[in-house]
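>>> how would this look folded up:
(one chain, ligands or ions: 1)
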Amino acid sequence: MRMTDLIIRKKDGQALTSEEIHYLIQGYTQGEIPDYQMSAFLMAVVLRGMDTRETLDLTMAMAHSGDMVDLSSLGPYTADKHSTGGVGDKTSLVLCPMVAACGVKMAKMSGRGLGHTGGTIDKLESFPGFSTVMSPERFLEIADTVGFVIAGQTANLAPADKKMYALRDVTGTVSSIPLIVSSIMAKKLASGARTIVLDVKTGSGAFMETEEDAFALAREMVDVGKQAGRNMAAVVTDMDQPLGFAVGNALEVREAIGVLRGEDVPDLRELCLVLGSNILTRSGICASDSDARARLERTLADGSALRRLAEMVQAQGGDPAAVYDPSLLPQAPAVLSVPAPVSGYIAAIEARDVGRVSMLLGGGRATKEDVIDLSVGVLLRAKVGDTVTAGRELAQIHAATEQAARQAREDLLRCYRFSSQPPQRPPFIRGVVS
Ligand code: URA
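Next comes the predicted model:
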(Lines give C-alpha, C1' and ligand atoms only; values in the text may rest on other atoms or scores of the structure.)
Protein backbone atom coordinates (compact mmCIF):
# COMPACT_ATOMS: atom_id res chain seq x y z
CA MET A 1 0.00 0.00 0.00
CA ARG A 2 1.33 3.47 -0.84
CA MET A 3 0.13 6.67 0.81
CA THR A 4 0.42 8.51 -2.54
CA ASP A 5 -2.17 6.17 -4.08
CA LEU A 6 -4.56 6.73 -1.18
CA ILE A 7 -4.24 10.52 -1.54
CA ILE A 8 -4.94 10.27 -5.29
CA ARG A 9 -7.92 7.96 -4.78
CA LYS A 10 -9.47 10.34 -2.24
CA LYS A 11 -8.69 13.35 -4.48
CA ASP A 12 -10.66 11.54 -7.23
CA GLY A 13 -13.61 11.12 -4.85
CA GLN A 14 -13.28 7.37 -4.28
CA ALA A 15 -13.98 5.63 -0.97
CA LEU A 16 -11.04 4.02 0.83
CA THR A 17 -11.27 0.51 2.26
CA SER A 18 -11.11 -0.23 6.01
CA GLU A 19 -7.60 -1.66 5.57
CA GLU A 20 -6.41 1.47 3.78
CA ILE A 21 -7.80 3.74 6.50
CA HIS A 22 -6.17 1.64 9.24
CA TYR A 23 -2.89 1.69 7.33
CA LEU A 24 -2.80 5.47 7.04
CA ILE A 25 -3.77 6.14 10.68
CA GLN A 26 -1.32 3.61 12.05
CA GLY A 27 1.44 4.81 9.71
CA TYR A 28 0.86 8.45 10.64
CA THR A 29 0.69 7.81 14.41
CA GLN A 30 3.94 5.84 14.27
CA GLY A 31 5.70 8.55 12.27
CA GLU A 32 6.04 6.47 9.10
CA ILE A 33 3.76 8.72 7.07
CA PRO A 34 5.04 12.33 7.01
CA ASP A 35 2.98 15.45 7.77
CA TYR A 36 3.06 16.63 4.13
CA GLN A 37 1.32 13.47 2.91
CA MET A 38 -1.22 13.54 5.73
CA SER A 39 -1.91 17.23 4.95
CA ALA A 40 -2.64 16.39 1.31
CA PHE A 41 -4.91 13.55 2.39
CA LEU A 42 -6.79 15.75 4.87
CA MET A 43 -7.37 18.40 2.19
CA ALA A 44 -8.69 15.72 -0.16
CA VAL A 45 -11.15 14.68 2.57
CA VAL A 46 -12.22 18.31 3.09
CA LEU A 47 -12.94 18.64 -0.65
CA ARG A 48 -14.33 15.15 -1.40
CA GLY A 49 -15.80 14.02 1.93
CA MET A 50 -16.16 10.49 3.30
CA ASP A 51 -19.17 8.21 3.50
CA THR A 52 -20.44 6.97 6.89
CA ARG A 53 -18.58 3.63 6.62
CA GLU A 54 -15.29 5.43 5.95
CA THR A 55 -15.97 7.90 8.79
CA LEU A 56 -16.64 5.00 11.16
CA ASP A 57 -13.42 3.26 10.06
CA LEU A 58 -11.46 6.47 10.49
CA THR A 59 -12.98 7.02 13.96
CA MET A 60 -12.25 3.46 15.10
CA ALA A 61 -8.68 3.58 13.78
CA MET A 62 -8.07 6.88 15.59
CA ALA A 63 -9.69 5.62 18.82
CA HIS A 64 -7.52 2.49 18.76
CA SER A 65 -4.33 4.48 18.06
CA GLY A 66 -3.85 4.73 21.87
CA ASP A 67 -5.37 3.55 25.17
CA MET A 68 -9.00 2.39 25.27
CA VAL A 69 -10.20 3.23 28.79
CA ASP A 70 -12.00 0.33 30.47
CA LEU A 71 -14.89 1.55 32.64
CA SER A 72 -16.46 -1.89 33.10
CA SER A 73 -15.60 -1.90 36.84
CA LEU A 74 -18.06 1.01 37.27
CA GLY A 75 -21.06 -1.14 36.33
CA PRO A 76 -23.54 -0.86 33.46
CA TYR A 77 -24.47 2.80 33.82
CA THR A 78 -21.57 4.90 32.57
CA ALA A 79 -22.03 8.07 30.56
CA ASP A 80 -20.09 10.87 28.96
CA LYS A 81 -21.13 14.20 27.53
CA HIS A 82 -19.38 16.31 24.92
CA SER A 83 -20.06 19.86 23.87
CA THR A 84 -18.76 21.24 20.58
CA GLY A 85 -17.78 24.31 22.56
CA GLY A 86 -19.26 27.68 23.22
CA VAL A 87 -19.17 30.79 25.35
CA GLY A 88 -20.29 30.58 28.99
CA ASP A 89 -20.70 26.82 28.70
CA LYS A 90 -20.44 25.50 32.25
CA THR A 91 -22.88 22.64 31.59
CA SER A 92 -20.62 19.82 32.82
CA LEU A 93 -20.33 21.44 36.27
CA VAL A 94 -24.11 21.20 36.69
CA LEU A 95 -24.96 18.14 34.62
CA CYS A 96 -22.38 15.69 36.01
CA PRO A 97 -23.39 16.06 39.68
CA MET A 98 -27.11 15.84 38.77
CA VAL A 99 -26.64 12.68 36.72
CA ALA A 100 -24.29 11.15 39.32
CA ALA A 101 -26.94 11.73 42.00
CA CYS A 102 -29.31 9.62 39.82
CA GLY A 103 -26.92 6.65 39.77
CA VAL A 104 -25.06 7.08 36.46
CA LYS A 105 -21.26 7.19 36.67
CA MET A 106 -19.54 9.95 34.71
CA ALA A 107 -15.78 9.43 34.26
CA LYS A 108 -14.94 12.45 32.13
CA MET A 109 -11.83 13.74 30.48
CA SER A 110 -12.04 17.40 29.57
CA GLY A 111 -9.94 20.05 27.94
CA ARG A 112 -8.68 23.56 28.50
CA GLY A 113 -10.05 26.61 26.76
CA LEU A 114 -8.56 28.23 23.66
CA GLY A 115 -9.63 31.43 21.91
CA HIS A 116 -13.14 32.67 22.65
CA THR A 117 -14.30 29.38 24.23
CA GLY A 118 -13.57 28.22 27.77
CA GLY A 119 -12.57 24.78 29.06
CA THR A 120 -14.02 22.80 31.96
CA ILE A 121 -10.58 22.03 33.42
CA ASP A 122 -9.74 25.75 33.72
CA LYS A 123 -13.09 26.47 35.34
CA LEU A 124 -12.64 23.71 37.91
CA GLU A 125 -9.21 25.04 38.85
CA SER A 126 -11.07 28.01 40.37
CA PHE A 127 -11.51 25.74 43.42
CA PRO A 128 -8.35 26.32 45.49
CA GLY A 129 -6.15 23.19 45.40
CA PHE A 130 -8.18 21.38 42.73
CA SER A 131 -6.23 18.96 40.55
CA THR A 132 -7.16 17.23 37.30
CA VAL A 133 -4.03 15.09 37.19
CA MET A 134 -4.34 11.64 38.77
CA SER A 135 -3.49 7.99 38.24
CA PRO A 136 -5.90 5.81 36.23
CA GLU A 137 -6.68 3.89 39.45
CA ARG A 138 -7.60 7.06 41.34
CA PHE A 139 -9.69 8.24 38.35
CA LEU A 140 -11.80 5.07 38.54
CA GLU A 141 -11.97 5.19 42.34
CA ILE A 142 -13.40 8.73 42.39
CA ALA A 143 -15.90 7.88 39.63
CA ASP A 144 -16.99 4.86 41.63
CA THR A 145 -17.30 6.45 45.06
CA VAL A 146 -18.47 9.98 44.17
CA GLY A 147 -20.27 9.16 40.91
CA PHE A 148 -18.26 11.54 38.77
CA VAL A 149 -14.72 12.65 38.13
CA ILE A 150 -13.28 15.19 35.69
CA ALA A 151 -9.64 14.80 34.69
CA GLY A 152 -7.41 16.24 31.99
CA GLN A 153 -7.06 14.20 28.83
CA THR A 154 -4.25 11.66 29.13
CA ALA A 155 -1.39 11.83 26.60
CA ASN A 156 -2.20 8.46 25.10
CA LEU A 157 -5.93 9.00 24.47
CA ALA A 158 -6.40 8.91 20.68
CA PRO A 159 -2.85 10.12 19.91
CA ALA A 160 -3.66 10.02 16.17
CA ASP A 161 -6.18 12.80 16.78
CA LYS A 162 -3.66 14.88 18.71
CA LYS A 163 -1.25 14.85 15.75
CA MET A 164 -3.96 15.25 13.12
CA TYR A 165 -5.74 18.09 14.91
CA ALA A 166 -2.51 20.07 15.22
CA LEU A 167 -1.94 19.55 11.50
CA ARG A 168 -5.52 20.48 10.57
CA ASP A 169 -5.18 23.67 12.59
CA VAL A 170 -2.37 24.93 10.34
CA THR A 171 -3.48 23.50 6.98
CA GLY A 172 -7.02 24.90 6.70
CA THR A 173 -8.55 21.44 7.16
CA VAL A 174 -10.56 21.83 10.36
CA SER A 175 -13.99 22.40 8.78
CA SER A 176 -14.93 18.98 7.45
CA ILE A 177 -17.74 16.92 8.95
CA PRO A 178 -16.01 13.50 8.66
CA LEU A 179 -12.83 14.94 10.17
CA ILE A 180 -14.68 16.64 13.04
CA VAL A 181 -16.81 13.54 13.68
CA SER A 182 -13.80 11.22 13.77
CA SER A 183 -11.80 13.62 15.95
CA ILE A 184 -14.53 14.03 18.57
CA MET A 185 -15.88 10.48 18.48
CA ALA A 186 -12.44 8.81 18.59
CA LYS A 187 -11.79 10.51 21.94
CA LYS A 188 -15.28 9.73 23.24
CA LEU A 189 -15.14 6.07 22.20
CA ALA A 190 -11.66 5.68 23.70
CA SER A 191 -12.93 7.20 26.97
CA GLY A 192 -15.07 4.11 27.48
CA ALA A 193 -18.60 5.27 28.47
CA ARG A 194 -21.57 3.15 27.37
CA THR A 195 -23.79 6.20 26.82
CA ILE A 196 -22.59 9.32 25.03
CA VAL A 197 -24.66 12.49 24.80
CA LEU A 198 -23.51 15.33 22.59
CA ASP A 199 -24.35 19.01 22.81
CA VAL A 200 -23.90 20.40 19.31
CA LYS A 201 -23.96 24.18 19.36
CA THR A 202 -25.17 26.33 16.51
CA GLY A 203 -24.95 30.09 16.04
CA SER A 204 -22.45 32.92 15.99
CA GLY A 205 -20.42 31.62 18.95
CA ALA A 206 -20.31 28.03 17.69
CA PHE A 207 -18.08 25.96 15.52
CA MET A 208 -21.08 25.11 13.30
CA GLU A 209 -22.65 28.48 12.58
CA THR A 210 -25.68 27.22 10.64
CA GLU A 211 -28.38 24.96 12.04
CA GLU A 212 -28.17 22.76 8.94
CA ASP A 213 -24.45 22.06 9.52
CA ALA A 214 -25.05 21.46 13.23
CA PHE A 215 -27.73 18.83 12.51
CA ALA A 216 -25.55 17.19 9.86
CA LEU A 217 -22.69 16.93 12.37
CA ALA A 218 -25.06 15.68 15.10
CA ARG A 219 -26.56 12.96 12.84
CA GLU A 220 -23.16 11.72 11.70
CA MET A 221 -21.76 11.55 15.25
CA VAL A 222 -24.85 9.69 16.49
CA ASP A 223 -24.60 7.24 13.57
CA VAL A 224 -20.93 6.53 14.17
CA GLY A 225 -21.41 6.12 17.93
CA LYS A 226 -24.34 3.73 17.45
CA GLN A 227 -22.41 1.63 14.96
CA ALA A 228 -19.61 1.46 17.52
CA GLY A 229 -22.14 -0.03 19.97
CA ARG A 230 -22.78 2.96 22.23
CA ASN A 231 -26.10 4.48 23.36
CA MET A 232 -26.21 7.85 21.63
CA ALA A 233 -28.12 11.13 21.48
CA ALA A 234 -27.21 14.61 20.29
CA VAL A 235 -28.96 17.83 21.26
CA VAL A 236 -28.60 20.82 18.93
CA THR A 237 -28.66 24.04 20.97
CA ASP A 238 -28.37 27.76 20.49
CA MET A 239 -25.00 29.50 20.78
CA ASP A 240 -26.00 32.83 19.22
CA GLN A 241 -25.63 34.39 22.66
CA PRO A 242 -23.60 33.15 25.66
CA LEU A 243 -25.08 30.31 27.73
CA GLY A 244 -26.34 31.60 31.09
CA PHE A 245 -25.21 35.00 32.34
CA ALA A 246 -21.58 34.38 33.35
CA VAL A 247 -18.54 34.25 31.05
CA GLY A 248 -15.17 33.71 32.76
CA ASN A 249 -13.87 30.84 34.84
CA ALA A 250 -14.70 31.54 38.51
CA LEU A 251 -17.80 33.53 37.52
CA GLU A 252 -19.07 30.47 35.63
CA VAL A 253 -18.34 28.16 38.57
CA ARG A 254 -20.35 30.49 40.78
CA GLU A 255 -23.24 30.40 38.32
CA ALA A 256 -23.11 26.60 38.11
CA ILE A 257 -23.24 26.37 41.90
CA GLY A 258 -26.21 28.75 41.81
CA VAL A 259 -28.14 26.43 39.50
CA LEU A 260 -27.33 23.46 41.74
CA ARG A 261 -28.75 25.49 44.63
CA GLY A 262 -31.97 26.11 42.72
CA GLU A 263 -31.29 29.57 41.24
CA ASP A 264 -33.04 30.21 37.95
CA VAL A 265 -30.71 30.43 34.96
CA PRO A 266 -33.30 29.30 32.41
CA ASP A 267 -31.19 28.23 29.39
CA LEU A 268 -28.48 26.53 31.45
CA ARG A 269 -30.97 24.69 33.66
CA GLU A 270 -33.04 23.57 30.68
CA LEU A 271 -29.97 22.35 28.80
CA CYS A 272 -28.85 20.27 31.80
CA LEU A 273 -32.34 18.76 32.14
CA VAL A 274 -32.50 17.85 28.43
CA LEU A 275 -28.97 16.41 28.29
CA GLY A 276 -29.50 14.66 31.63
CA SER A 277 -32.85 13.14 30.57
CA ASN A 278 -31.20 11.78 27.45
CA ILE A 279 -28.42 10.24 29.53
CA LEU A 280 -30.88 8.61 31.95
CA THR A 281 -33.20 7.24 29.25
CA ARG A 282 -30.52 6.14 26.74
CA SER A 283 -28.55 4.37 29.44
CA GLY A 284 -31.74 2.57 30.53
CA ILE A 285 -31.92 3.87 34.09
CA CYS A 286 -35.25 5.67 33.38
CA ALA A 287 -38.08 4.50 31.15
CA SER A 288 -39.38 7.89 30.07
CA ASP A 289 -38.27 11.48 29.61
CA SER A 290 -40.77 12.70 32.19
CA ASP A 291 -39.49 10.22 34.79
CA ALA A 292 -35.89 11.22 34.01
CA ARG A 293 -36.67 14.93 34.25
CA ALA A 294 -38.47 14.50 37.58
CA ARG A 295 -35.50 12.59 39.02
CA LEU A 296 -33.06 15.23 37.83
CA GLU A 297 -35.17 18.05 39.23
CA ARG A 298 -35.26 16.25 42.58
CA THR A 299 -31.44 16.28 42.72
CA LEU A 300 -31.59 20.08 42.60
CA ALA A 301 -34.44 20.43 45.07
CA ASP A 302 -33.02 18.06 47.72
CA GLY A 303 -29.42 19.31 47.48
CA SER A 304 -28.03 15.91 46.44
CA ALA A 305 -26.44 17.27 43.23
CA LEU A 306 -24.75 20.10 45.13
CA ARG A 307 -23.38 17.58 47.67
CA ARG A 308 -21.96 15.49 44.79
CA LEU A 309 -20.11 18.52 43.50
CA ALA A 310 -18.63 19.18 46.95
CA GLU A 311 -17.58 15.51 47.26
CA MET A 312 -15.94 15.56 43.84
CA VAL A 313 -14.08 18.82 44.57
CA GLN A 314 -12.78 17.31 47.82
CA ALA A 315 -11.80 14.02 46.16
CA GLN A 316 -9.79 15.96 43.58
CA GLY A 317 -7.89 17.95 46.22
CA GLY A 318 -9.98 21.14 46.14
CA ASP A 319 -11.61 23.04 48.98
CA PRO A 320 -15.26 21.90 49.16
CA ALA A 321 -16.10 24.90 51.40
CA ALA A 322 -16.12 27.01 48.21
CA VAL A 323 -19.13 25.01 46.96
CA TYR A 324 -21.16 26.25 49.93
CA ASP A 325 -19.52 29.68 50.11
CA PRO A 326 -18.63 30.84 46.57
CA SER A 327 -17.04 34.02 47.97
CA LEU A 328 -14.01 31.75 48.55
CA LEU A 329 -13.57 31.47 44.76
CA PRO A 330 -11.15 33.88 43.03
CA GLN A 331 -12.58 37.41 42.88
CA ALA A 332 -11.46 40.14 40.51
CA PRO A 333 -10.21 43.37 42.16
CA ALA A 334 -12.00 45.69 39.71
CA VAL A 335 -15.74 45.37 39.07
CA LEU A 336 -17.25 47.90 36.67
CA SER A 337 -20.91 48.32 35.85
CA VAL A 338 -21.89 48.64 32.17
CA PRO A 339 -25.02 50.78 31.81
CA ALA A 340 -27.41 50.24 28.89
CA PRO A 341 -26.81 52.96 26.27
CA VAL A 342 -30.49 53.01 25.17
CA SER A 343 -33.90 51.79 26.27
CA GLY A 344 -35.55 48.96 24.35
CA TYR A 345 -35.08 45.27 23.66
CA ILE A 346 -31.80 43.38 23.44
CA ALA A 347 -31.87 42.10 19.84
CA ALA A 348 -28.51 40.26 19.86
CA ILE A 349 -25.46 39.54 22.05
CA GLU A 350 -22.67 38.18 19.84
CA ALA A 351 -21.41 35.15 21.77
CA ARG A 352 -18.05 34.94 20.03
CA ASP A 353 -17.31 38.62 20.74
CA VAL A 354 -18.29 38.32 24.42
CA GLY A 355 -15.93 35.32 24.63
CA ARG A 356 -13.22 37.53 23.15
CA VAL A 357 -13.85 40.28 25.71
CA SER A 358 -13.37 37.73 28.48
CA MET A 359 -10.25 36.37 26.77
CA LEU A 360 -8.73 39.86 26.43
CA LEU A 361 -9.40 40.49 30.13
CA GLY A 362 -7.10 37.51 30.75
CA GLY A 363 -9.82 34.88 31.23
CA GLY A 364 -8.92 32.91 28.11
CA ARG A 365 -5.94 31.94 26.00
CA ALA A 366 -4.89 33.42 22.67
CA THR A 367 -2.19 30.70 22.48
CA LYS A 368 -1.94 27.34 24.24
CA GLU A 369 0.90 28.62 26.45
CA ASP A 370 -0.95 31.63 27.92
CA VAL A 371 -1.55 31.69 31.69
CA ILE A 372 -5.11 32.72 32.51
CA ASP A 373 -6.67 34.81 35.27
CA LEU A 374 -9.49 32.73 36.78
CA SER A 375 -11.20 35.70 38.45
CA VAL A 376 -12.00 37.88 35.42
CA GLY A 377 -14.87 37.89 32.94
CA VAL A 378 -18.26 39.29 32.10
CA LEU A 379 -21.53 38.99 33.98
CA LEU A 380 -24.56 39.70 31.83
CA ARG A 381 -27.62 41.12 33.59
CA ALA A 382 -30.07 40.52 30.73
CA LYS A 383 -30.31 38.30 27.66
CA VAL A 384 -31.71 38.53 24.14
CA GLY A 385 -35.41 39.46 24.18
CA ASP A 386 -35.21 41.20 27.58
CA THR A 387 -36.03 44.90 27.89
CA VAL A 388 -33.43 47.33 29.19
CA THR A 389 -33.59 50.94 30.38
CA ALA A 390 -30.96 53.50 29.40
CA GLY A 391 -28.54 54.02 32.28
CA ARG A 392 -29.55 50.83 34.16
CA GLU A 393 -27.03 48.00 34.53
CA LEU A 394 -26.72 45.87 31.38
CA ALA A 395 -23.66 43.87 32.50
CA GLN A 396 -20.66 43.87 34.82
CA ILE A 397 -17.00 43.63 33.90
CA HIS A 398 -14.75 41.75 36.36
CA ALA A 399 -11.14 42.74 35.65
CA ALA A 400 -7.63 42.79 37.06
CA THR A 401 -7.38 46.61 36.78
CA GLU A 402 -9.71 49.59 36.37
CA GLN A 403 -8.07 50.37 33.04
CA ALA A 404 -8.66 46.84 31.68
CA ALA A 405 -12.27 47.07 32.88
CA ARG A 406 -12.86 50.37 31.06
CA GLN A 407 -11.46 48.99 27.80
CA ALA A 408 -13.57 45.85 28.16
CA ARG A 409 -16.67 47.98 28.74
CA GLU A 410 -16.18 49.61 25.32
CA ASP A 411 -15.57 46.22 23.70
CA LEU A 412 -18.59 44.65 25.39
CA LEU A 413 -21.01 47.34 24.23
CA ARG A 414 -20.03 46.50 20.65
CA CYS A 415 -21.31 42.93 21.21
CA TYR A 416 -24.93 44.16 21.57
CA ARG A 417 -27.68 45.15 19.18
CA PHE A 418 -30.82 46.82 20.51
CA SER A 419 -34.25 47.24 18.94
CA SER A 420 -37.52 48.95 19.70
CA GLN A 421 -39.47 45.78 18.81
CA PRO A 422 -39.16 42.36 20.51
CA PRO A 423 -36.73 40.26 18.42
CA GLN A 424 -37.78 36.99 16.76
CA ARG A 425 -36.06 34.19 18.63
CA PRO A 426 -35.72 30.56 17.55
CA PRO A 427 -36.10 28.02 20.39
CA PHE A 428 -33.03 27.47 22.54
CA ILE A 429 -33.18 23.69 22.04
CA ARG A 430 -33.29 23.27 18.25
CA GLY A 431 -33.82 19.52 18.32
CA VAL A 432 -32.64 16.11 19.52
CA VAL A 433 -31.05 13.50 17.23
CA SER A 434 -31.12 9.96 18.54
N1 URA B 1 -13.23 19.49 18.46
C2 URA B 1 -12.45 18.39 18.30
O3 URA B 1 -12.08 17.73 19.26
N4 URA B 1 -12.12 18.05 17.05
C5 URA B 1 -12.51 18.74 15.96
O6 URA B 1 -12.17 18.38 14.85
C7 URA B 1 -13.30 19.87 16.16
C8 URA B 1 -13.66 20.22 17.43
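
>>> residue contacts, the residue of the stretch 101-250 of the chain found nearest the ligand?
Nearest to the ligand, among the residues of the stretch 101-250 of the chain, is Ser183, at 3.4 Å (C-beta to the nearest ligand atom). C-betas here are computed from N, CA, C, even on glycine. For Ser183, the contact set (C-beta atoms under 8 Å, 6 or more residues apart in numbering) comprises 62, 161, 164-165.

>>> check the residues you listed against the ligand, which are close?
Counting by C-beta under 6 Å from any ligand atom, the subset of those that neighbours the ligand consists of Tyr165.

>>> So which of the contacts of Ser183 is the closest to Ser304?
Ranked by distance to Ser304 (C-beta to C-beta), those are led by Asp161 at 35.6 Å.

>>> Shouldn't that closest one be within a helix?
Yes: the assignment for Asp161 by DSSP: H, G, I helix; E, B strand; the rest coil puts it in a helix.

>>> So what's the residue count around it?
26 (other C-beta atoms under 10 Å).

>>> can you tell me how far it sits from Thr17?
21 Å (C-beta to C-beta, to the nearest Å).

>>> now do Lys187
Taking C-beta to C-beta, one finds Lys187 at 24 Å from Thr17.

>>> Looking at these two, which is more packed in?
Taking other C-beta under 10 Å, Lys187 and Thr17 do not tie; Lys187 has more neighbours (23 against 15).

>>> That one: what's its closest spatial neighbour, skipping adjacent residues?
Nearest residue to Lys187, sequence neighbours excluded (C-beta to C-beta, 6 or more residues apart in numbering): Ala158, at 4.9 Å.

>>> is it true that that neighbour touches Thr59?
No: counting by C-beta atoms under 8 Å, Ala158 sits too far from Thr59 to count as a contact (9.4 Å).

>>> Report the set of residues contacting both of the two.
Common neighbours of Ala158 and Thr59 (C-beta under 8 Å, 6+ apart) are Ala186.

>>> If I look at Gly248, what pLDDT would I see?
Listed pLDDT for Gly248 reads 96.

>>> Just give the number of residues close to it.
35.

>>> residues touching it, list them.
Gly248 sits next to 118, 358, 361, 363, 375-379, 398 when contact means C-beta under 8 Å, 6+ apart.

>>> For those, give me a markdown table that also has distance to the ligand and secondary structure.
Compiled in a markdown table, the contacts of Gly248 are given as follows (distance: C-beta to the nearest ligand atom, whole Å; DSSP: H, G, I helix; E, B strand; the rest coil):
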| residue | distance to the ligand | secondary structure |
| --- | --- | --- |
| Gly118 | 14 | coil |
| Ser358 | 20 | helix |
| Leu361 | 24 | helix |
| Gly363 | 20 | helix |
| Ser375 | 27 | coil |
| Val376 | 25 | coil |
| Gly377 | 23 | strand |
| Val378 | 24 | strand |
| Leu379 | 27 | strand |
| His398 | 28 | strand |
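
>>> Can I have the buried ones of those residues as a ChimeraX selection?
In ChimeraX, selecting the buried portion of the contacts of Gly248, with burial taken from 16 or more other C-beta atoms under 10 Å, looks like this:
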select :118,358,361,363,375,376,377,378,379,398
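
>>> Pull up the gap between Thr52 and Ser304, please.
Counting by C-beta to C-beta, the gap from Thr52 to Ser304 is 40 Å.

>>> Compare those two and say which is more crowded by neighbours.
Remark: of Thr52 and Ser304, Ser304 carries more neighbours, 17 against 14, as counted by other C-beta under 10 Å.

>>> what number of residues lie near whichever residue of the stretch 1-150 of the chain sits closest to the ligand?
Closest approach between the stretch 1-150 of the chain and the ligand, counting by C-beta to the nearest ligand atom: Thr84, at 6.2 Å. For Thr84, the count of nearby residues is 24 (other C-beta under 10 Å).

>>> And Thr173, by the same measure?
Using other C-beta under 10 Å, Thr173 has 22 neighbouring residues.

>>> do Ile8 as well
Ile8: 14 surrounding residues under other C-beta under 10 Å.

>>> where does it land on pLDDT?
98.

>>> Please produce JSON lines containing the contacts of Ser183, extended by secondary structure, distance to Val197 and pLDDT.
Shown next, in JSON lines, are the contacts of Ser183 (DSSP: H, G, I helix; E, B strand; the rest coil; distance: C-beta to C-beta, whole Å; pLDDT from 0 to 100):
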{"residue": "Met62", "secondary structure": "helix", "distance to Val197": "21", "pLDDT": "98"}
{"residue": "Asp161", "secondary structure": "helix", "distance to Val197": "20", "pLDDT": "95"}
{"residue": "Met164", "secondary structure": "helix", "distance to Val197": "25", "pLDDT": "95"}
{"residue": "Tyr165", "secondary structure": "helix", "distance to Val197": "22", "pLDDT": "91"}
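
>>> The contacts of Ser183, buried ones only, as a ChimeraX selection?
Restricted to buried positions by 16+ other C-beta under 10 Å, the ChimeraX selection for these reads:
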select :62,161,164,165
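
>>> residues contacting Ala206?
84-86, 214, 239, 351.

>>> ugh, wrong one, I meant Ile25
Applying C-beta under 8 Å, 6+ apart, we find Ile25 in contact with 58, 61-62, 65, 160.
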